[in-house]
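A.B. asks: With the input below, show me the fold.
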Amino acid sequence: MLYVNRRRFKCENCQKPFSENLEFVGNKKLFTHRYAHGITKQVTHSDVINVSKNNKLTEKEVEALNGKERAKLFG
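C.D. replies: Numbering: from 1, shown residues only. This next block holds a predicted model:
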């Protein structure tokens, strides 16, 4: 799994903390859109069990990434 470190800031007016927005990562996500797309591509050529082993992910993580990416493409 790829971990993205987001910088944290405080609002000048209310002092509430917030994280920077990154175009290549969804809000409150720990993976890039490209990574999710790559996992989905692997699943189309293989199966969830092998993709999870090859990427050191659980089957649930692969299914979640695959489902979200497919929903984005076909939804």
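
A.B. asks: Could I get the pLDDT score of the spatially most distant residue from the centre of the chain?
C.D. replies: In the chain, the residue that sits farthest from the middle, by Cα atoms, centre = their mean, is residue 13; the gap is 31.3 Å. Listed pLDDT for residue 13 reads 93.

A.B. asks: Give me the secondary structure label for it.
C.D. replies: Recorded secondary structure, residue 13: coil (DSSP: H, G, I helix; E, B strand; the rest coil).

A.B. asks: Name the spans of this structure whose pLDDT lies under the cut-off.
C.D. replies: Low-confidence regions of the chain, defined by pLDDT under 70, span residues 1-4, 24-30, 68-75.

A.B. asks: mind listing the helices for it?
C.D. replies: All helices of the chain, identified by DSSP state H, fall at 33-45, 48-54, 59-74.

A.B. asks: re earlier: could you pull up phi and psi at the residue farthest from the centre of the chain?
C.D. replies: The phi/psi pair for residue 13 (degrees, to the nearest 10) reads phi -80, psi -50.

A.B. asks: ok, now how distant is it from residue 54?
C.D. replies: Using Cβ to Cβ, to the nearest Å, we find residue 13 at a distance of 47 Å from residue 54. Heads up, the C-betas are built off the backbone N, CA and C, glycines and all.

A.B. asks: and what of residue 21?
C.D. replies: Residue 21 sits 31 Å away from residue 54, going by Cβ to Cβ.

A.B. asks: repeat for residue 46
C.D. replies: Residue 46 is 8 Å from residue 54, where distance means Cβ to Cβ.

A.B. asks: for residue 67, same thing?
C.D. replies: From residue 67 to residue 54 the distance is 19 Å (Cβ to Cβ).
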